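> pasting the sequence and the predicted model now:
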Amino acid sequence: MQDFSIWVDADSCPLSVKQIIFRFCERNNFPLFFVANRSIPIPKKENFKMIVCDATPDAADNYIVENANENDIIITRDIPLADRLVEKNIVVINDRGTLYTKENIKERLSIRNFNKELYTNGIVSEKTSTFSKKDTNNFANCFDREIQKKIKSNRHQEKTN
């Protein structure tokens, strides 16, 4: 039995990433929580749950922050949400396979805020790069690596108890 859950900030998660998450969680029977402001289709599995929050700003983010714990893994591209979770020592991965850590999150947040300010003031146009097969592979590798760390950590804790 695993002592961690997988949480997905589901509003903007690409389909290829969702499919990887579904396969990992189904195969290993991990609890999976998709959280969004609207219902998103997910497979009907006992360990999968769709949580629909109200449509207020940051409702889904707040739900994840309030309910996820230090043992969990969160998938989100929302950098302010990632910052809040990293502060709680929770593993956070974006959908392109970047692991957010205490060492990199503040810089990522600063760059995000700077770019948002430029965009808001009409100085630069907002750019989003196309999601590629390489991004999907990077995500799968990072996700697998972090899950393996959790499994090893759980085994170590079981042996010491």
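Yep, that arrived.
> buried set for the longest helix seen in the chain?
When secondary structure is assigned using DSSP state H, the longest helix within the chain turns out to be helix 133-160. Within helix 133-160, the residues scored as buried using 16 or more other CB atoms under 10 Å are 135-136, 138-140, 142-143, 146-147, 150. For glycine as for every other residue, the C-beta is placed from the backbone atoms N, C-alpha and C.
> identify the farthest-apart pair in those residues.
Spanning the widest gap among the buried residues of helix 133-160 are 135 and 150, at 22.5 Å by CB to CB.
> okay, the buried residues of helix 133-160 in JSON lines with pLDDT and distance to residue 90 next?
Conversion of these to JSON lines gives the following (pLDDT from 0 to 100; distance: CB to CB, whole Å):
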{"residue": "135", "pLDDT": "93", "distance to residue 90": "22"}
{"residue": "136", "pLDDT": "95", "distance to residue 90": "23"}
{"residue": "138", "pLDDT": "96", "distance to residue 90": "20"}
{"residue": "139", "pLDDT": "97", "distance to residue 90": "17"}
{"residue": "140", "pLDDT": "97", "distance to residue 90": "20"}
{"residue": "142", "pLDDT": "97", "distance to residue 90": "15"}
{"residue": "143", "pLDDT": "97", "distance to residue 90": "15"}
{"residue": "146", "pLDDT": "96", "distance to residue 90": "11"}
{"residue": "147", "pLDDT": "94", "distance to residue 90": "14"}
{"residue": "150", "pLDDT": "91", "distance to residue 90": "11"}
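> got the confidence number for the spatially most central residue of the chain?
The chain has residue 75 as the residue nearest its centroid, 1.0 Å off, counting by CA atoms, centre = their mean. Residue-level confidence at residue 75 comes out at 97, pLDDT.
> for the closest residue to it other than its chain neighbours, name its beta-bridge partners.
If the residues on either side of it in the chain are set aside, residue 75 comes closest to residue 8, at 4.8 Å by CB to CB, 6 or more residues apart in numbering. As for beta bridges, residue 8 partners with residue 34, residue 75 under DSSP bridges.
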